[in-house]
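>>> Quick one, fold the following:
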Amino acid sequence: MKRFNISIREFLKTTLNLADYVDIPAANDDIRSNIPFRGPNVYILFVAVIIASVGLNVNSIPVIIGAMLISPLMGPILGFGLGLGTNDRELVLFSVKNLLVMVGISLLASTLYFILTPLEIDNPTELLARTRPTIYDVLIALFGGLAGVLETARKEKGTVISGVAIATALMPPLCTVGYGIANLSWQYAIGALFLFTINCIFIAMAAYLMAKFLKFPVRVVETHKLRYHIISYTLVLLLIGTSIFTGYHVIRENNFTKSANRFVKKNHSIGKTYIYDSSVDVQHDPYQLDLRLAGEALSDETREMLLREAESFGIMRQQIVIHEDATVQFDQFNETEIVRDLISSNATNIQVRDDSIKALLTQLAYYKEQELPAAQLAAELQTQLPAITRVTLAKGTQLEDNVVTADKQVVVVVHCTKAPTNEEKRRVQEWLQVRLQTKNVEMIFM
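Numbering: from 1, shown residues only. This is a model prediction of the structure:
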């Protein structure tokens, strides 16, 4: 047994060993070198912001991912966490300055894009996803930051940094802030800025923890040492306190939303009533669940049962708002009244059907009356003018300057083997006017 325990310890020591696989001095230099924001980084960030804004504009996830891959935003955030972890005051200030410049340029680029773009956002799914932080955003930022520092410190570099850039999603929230500013939608702007701040805090916290864990070289400043340590530890405590506070509220919101969804799913149908829509308002204090009902109006007993069921899911009575605009109170009718209404409704439907049939028969008779005896007229016309081979007749409405001048106009197209004289045309037209009992006869000879 003792030998087995030794083997396990050796296995874990070998498997979890980091000392042989990391290069702390190189990682320290790498993080510091990615903090400055000047030269090509300015243009790369500007381009990345425009690409991300287009992706959000058209709801294209691949485009958003591409923008996150080329964005240089991670450098100052890791530098800030490293500065706190190594007691490097200058590094902290330098990182904060560069991060603020990056944020300013990102907001400028995204705001200009959303002001100038001709594209409308009909279904801003990806934008909405960047306005409310969830517990998953907190966890992704924290563990993404841990992975980012580990990858930077590793001797043999891999593709982790690219994955961290995608997972932590720093670029889309900034673009969403620009959208909110461009459209004066402060709900979008504040929510997205909050999400970006949360991501920055937890990535910086991860960098701080990894700097301590991997034992990055700590900078000891003899002058004003006590004052610096007070400032440094105050920042760390503020960072930790903000993380805990934010994490607590995000967890509360997620737990309430999860409980509300489970409650709605279980109670989707309540007798002859059903919940056709629901929404959670985490801006309200306390959180609020809106239920919209359809079907039969809730009785007092059913309402009480529904509220007790909500309490079993951890949702208080005062947190539920029930909307019954689409419900009907059926108990005001007795059976006789219902049968009477059905009979009356059927009688009305039968009368409407009979009236429709009568109108259709009248219309059919009218169209039959309008039919012209084309074949008979053709035979009679041939006795008047033997050169006629075929006759086509049509009845319509005569218009002059878009004004109806006659109800019935007959157009007669006459096909002849040879062109008739004007006298023959006149004689045939006069004969047709008498035969068809209308003066409105238009003759066309072909």
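>>> C-alpha from now on. contacts and neighbour counts both.
Noted.
>>> Which is the succeeding secondary structure element to the strand or helix carrying R292?
Using DSSP states H and E, R292 sits within strand 288-296. For strand 288-296, the following helix or strand on the C-terminal side (DSSP H and E) is helix 300-312.
>>> buried set for that next one?
For helix 300-312, a neighbour-count test (16 or more other CA atoms under 10 Å) marks 306-307, 309-310 as buried.
>>> one step back: who does the strand holding R292 pair up with?
strand 273-281 (antiparallel), strand 320-328 (parallel) (DSSP bridges).
>>> Please work out the average pLDDT along the first one.
Going back to what we said before, that points to strand 273-281. Per-residue pLDDT over strand 273-281 has a mean of 82.
>>> Show me what it is in contact with.
Residues from elsewhere that reach strand 273-281 (CA atoms under 8 Å, 6 or more residues apart in numbering): 257, 260, 264, 267-269, 287-298, 327.
>>> swap the cut-off to 10 Å and go again
If you take CA atoms under 10 Å, 6 or more residues apart in numbering as the criterion, strand 273-281 is touched by 253, 256-258, 260-261, 264-265, 267-269, 287-298, 302, 319-324, 326-328.
>>> Count residues in the vicinity of A359, would you?
If you count neighbours by other CA atoms under 10 Å, A359 ends up with 12.
>>> Can you give me the pLDDT of it?
Listed pLDDT for A359 reads 71.
>>> Could you pull up the residues touching I31?
By CA under 10 Å, 6+ apart, the contact list for I31 reads 74-80, 82, 149, 152-153.
>>> gap between T348 and I181?
Using CA to CA, to the nearest Å, we find T348 at a distance of 58 Å from I181.
>>> Please say which of those two ends up with more neighbours.
The neighbour count for T348 versus I181, taken as other CA under 10 Å, is higher for I181 (22 against 12).
>>> With only the CA atoms kept, save the helix or strand encompassing the more buried one in PDB.
Here I181, judged by DSSP H and E, is contained in helix 171-182. The C-alpha trace of helix 171-182 is given here as PDB (Å, rounded to 0.1, in the frame of the first residue of the first chain):
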ATOM      1  CA  MET A 171     -14.500  42.900 -28.800                       C
ATOM      2  CA  PRO A 172     -18.300  42.300 -29.300                       C
ATOM      3  CA  PRO A 173     -19.300  44.100 -26.100                       C
ATOM      4  CA  LEU A 174     -17.300  47.200 -27.000                       C
ATOM      5  CA  CYS A 175     -19.000  47.200 -30.500                       C
ATOM      6  CA  THR A 176     -22.300  46.900 -28.800                       C
ATOM      7  CA  VAL A 177     -21.500  49.900 -26.700                       C
ATOM      8  CA  GLY A 178     -20.800  51.800 -29.900                       C
ATOM      9  CA  TYR A 179     -24.200  50.700 -31.300                       C
ATOM     10  CA  GLY A 180     -25.900  52.000 -28.100                       C
ATOM     11  CA  ILE A 181     -24.200  55.300 -28.400                       C
ATOM     12  CA  ALA A 182     -24.900  55.700 -32.100                       C
END
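>>> What mean pLDDT does that helix get?
Taken as a whole, helix 171-182 has a mean pLDDT of 86.
>>> For that helix, name the packing helices and strands.
Packed against helix 171-182 by the contact rule (3 or more CA pairs under 10 Å, 6 or more residues apart in numbering; DSSP states H and E) you find helix 40-57, helix 61-70, helix 89-116, helix 125-128, helix 186-213.
>>> okay, those helices, which one's buried deepest?
helix 186-213 (a mean of 23; mean count of other CA atoms under 10 Å).
>>> the inter-axis angle of the helix holding I181 versus helix 40-57?
70 degrees (axes from the mean of the first three to the mean of the last three CA atoms, to 10 degrees).
>>> tilt between helix 171-182 and helix 186-213?
Going by the same axes, to 10 degrees, helix 171-182 makes 150 degrees with helix 186-213.
>>> Can you give the distance of stretch 141-151 from its chain's centre?
30 Å (CA atoms, centre = their mean, to the nearest Å).
>>> right, I mislabeled it, should have said stretch 245-254
24 Å.
>>> Also stretch 111-120?
Mean-position distance between stretch 111-120 and its chain equals 17 Å (CA atoms, centre = their mean).
>>> can you list contacts of it?
With contact meaning CA under 10 Å, 6+ apart, stretch 111-120 is reached by 49-51, 53-54, 57-58, 105-107, 174-183.
>>> let's go with 6 Å and repeat that
Contacting residues not belonging to stretch 111-120 are listed as 178-179, 182 [CA atoms under 6 Å, 6 or more residues apart in numbering].
>>> Pipe the residues you listed into a markdown table and attach distance to N41 per row.
Output for the contacts of stretch 111-120, formatted as a markdown table (distance: CA to CA, whole Å):
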| residue | distance to N41 |
| --- | --- |
| G178 | 20 |
| Y179 | 23 |
| A182 | 24 |
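>>> Could you tell me which of the residues you listed count as buried?
If you count burial by 16+ other CA under 10 Å, the buried members of the contacts of stretch 111-120 come out as 178-179, 182.
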